[in-house]
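**Student:** pasting a predicted model and its sequence here:
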Amino acid sequence: MARFTPRRPNAQLKRNTAKAVARKNRDRAATPADEVIARKPLASTRPLRRGAVANVAVMTLAAGIVGTIAIPAYAFAPGSNGPQFATSAETKLTNAQAQSVEVAEDVIAAPVTKDGFAATTAAEIEAAAEAQRQAEAAEAARVAAEAEMASYAASYSGPSVDAFLANPAYPSYDLASVYNVATQYIGTPYVYGGATPAGFDCSGFVMYVYAQFGIGMPHSSAGQGAMGTQISEADAQPGDLVIMDGHDGFYAGNGMILHAPYEGAAVRVQPIWTSDYYIVRIGI
């Protein structure tokens, strides 16, 4: 029977360990450096997660501090709920947007005014222009009349109305004589404002004729009509006056009139052209 000599366990363990170390070193030498690095465990992210949480906490704490500082001082003041800290009546009205307020009786209401404007229409502009044209025409006529009167006065040297009134040419008055004197001036030109044989207007003609009988008259058709007595046309005689609106002359009989008609015409006899007239007799 063969005999086995037992080996010492420590010696065998040492030999196995030495082989394992040698094999490991060979494997490490054969592995590239990148694979060695890749096999290293990744660093833990726990410290990073801890940093984000800390940041959030710090920001929350800072916001709380700012909010605390912004609170009005009276919020922390003792007795801040007293009447002196209450909302005023005016503020309550403002916040409630009240539609009415009480006003003392002694308050005087100020008058309310508003601006206005006016626009001129085309018709108004044309009317103003027409009025301006008429005014200019009237002024031109006045200037022309003044020039004519100056020439008219220089062209006559005979007796005037005043001279006849002071010394009448016919002291005895009768209608037939008046009419006969009036007919002497047929053909005398019409001159506005004229009262001499150099030129007559309607009332100037009547005034000049009656002045020769010592009868004074105003230089106005209405005034001359007011001097006499109105009679019917059936009773009218030549020498009576025919009175119209703004015009007059001598009655010539048979519905005719002797008068100074208008600018550009001369003293003449013609039919009465209107029914709007009446007869006046002077001296009764």
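**Tutor:** Received, thanks.
**Student:** strands of this structure, start to end?
**Tutor:** Counting by DSSP state E, residue ranges of the strands within the chain are 195-196, 199-200, 229-231, 241-244, 247-253, 256-259, 268-271, 278-281.
**Student:** closest one to D174 among these?
**Tutor:** The minimum distance between D174 and the strands of the chain falls on strand 278-281, with 11.7 Å, by C-beta to C-beta. For every residue, glycine as well, the C-beta is placed using N, CA and C.
**Student:** quick check: which ranges of the stretch 151-284 of the chain have low pLDDT?
**Tutor:** Applying pLDDT under 70 to the stretch 151-284 of the chain flags no residue at all.
**Student:** now do the contacts for L241.
**Tutor:** When contacts are counted by C-beta atoms under 8 Å, 6 or more residues apart in numbering, L241 is found next to V206, Q224, G225, G228, D248, G249, F250, Y251, I279, V280, R281, I282.
**Student:** the third one: neighbour count?
**Tutor:** As a burial measure, G225 scores 20 neighbours (other C-beta atoms under 10 Å).
**Student:** ok, now the last one?
**Tutor:** I282 sits with 20 neighbouring residues when counted by other C-beta under 10 Å.
**Student:** what about it, distance to I272?
**Tutor:** Using C-beta to C-beta, to the nearest Å, one obtains 19 Å as the distance from I282 to I272.
**Student:** now the first one
**Tutor:** With distances taken as C-beta to C-beta, V206 is found 15 Å from I272.
**Student:** quick check: buried residues in stretch 140-147?
**Tutor:** For stretch 140-147, the buried set under the neighbour-count rule, 16 or more other C-beta atoms under 10 Å, comprises A145.
**Student:** now swap in stretch 231-245 and tell me
**Tutor:** Residues of stretch 231-245 classed as buried: I231, A236, P238, G239, D240, L241, V242, I243, M244 (neighbour count, 16+ other C-beta under 10 Å).
**Student:** would you reformat the residues you listed as JSON lines and include distance to V143?
**Tutor:** Written out in JSON lines, the entries for the buried residues of stretch 231-245 read as follows (distance: C-beta to C-beta, whole Å):
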{"residue": "I231", "distance to V143": "42"}
{"residue": "A236", "distance to V143": "40"}
{"residue": "P238", "distance to V143": "38"}
{"residue": "G239", "distance to V143": "37"}
{"residue": "D240", "distance to V143": "37"}
{"residue": "L241", "distance to V143": "32"}
{"residue": "V242", "distance to V143": "32"}
{"residue": "I243", "distance to V143": "31"}
{"residue": "M244", "distance to V143": "28"}
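**Student:** what sits closest to V191 if chain neighbours are left out?
**Tutor:** G199 (2.8 Å; C-beta to C-beta, 6 or more residues apart in numbering).
**Student:** so the one you found touches P189, yeah?
**Tutor:** Yes. Between G199 and P189 there is a contact at 5.1 Å, judged by C-beta atoms under 8 Å.
**Student:** so between the two, which is more surrounded?
**Tutor:** Taking G199 and P189 together and counting by other C-beta under 10 Å, G199 has the greater number of neighbours (25 against 17).
**Student:** let me see the contact set for that one.
**Tutor:** Counting by C-beta under 8 Å, 6+ apart, G199 has contacts E148, Y152, T188, P189, Y190, V191.
**Student:** now with 6 Å, please.
**Tutor:** Listed by C-beta atoms under 6 Å, 6 or more residues apart in numbering, the contact partners of G199 are Y152, P189, V191.
**Student:** next, count neighbours for the nearest residue in space to F200 that is not next to it in sequence.
**Tutor:** Residue nearest to F200 in three dimensions, not counting chain neighbours: A260, with 4.3 Å by C-beta to C-beta, 6+ apart. Burial measure for A260: 28 neighbouring residues, criterion other C-beta under 10 Å.
**Student:** no further questions, thank you.
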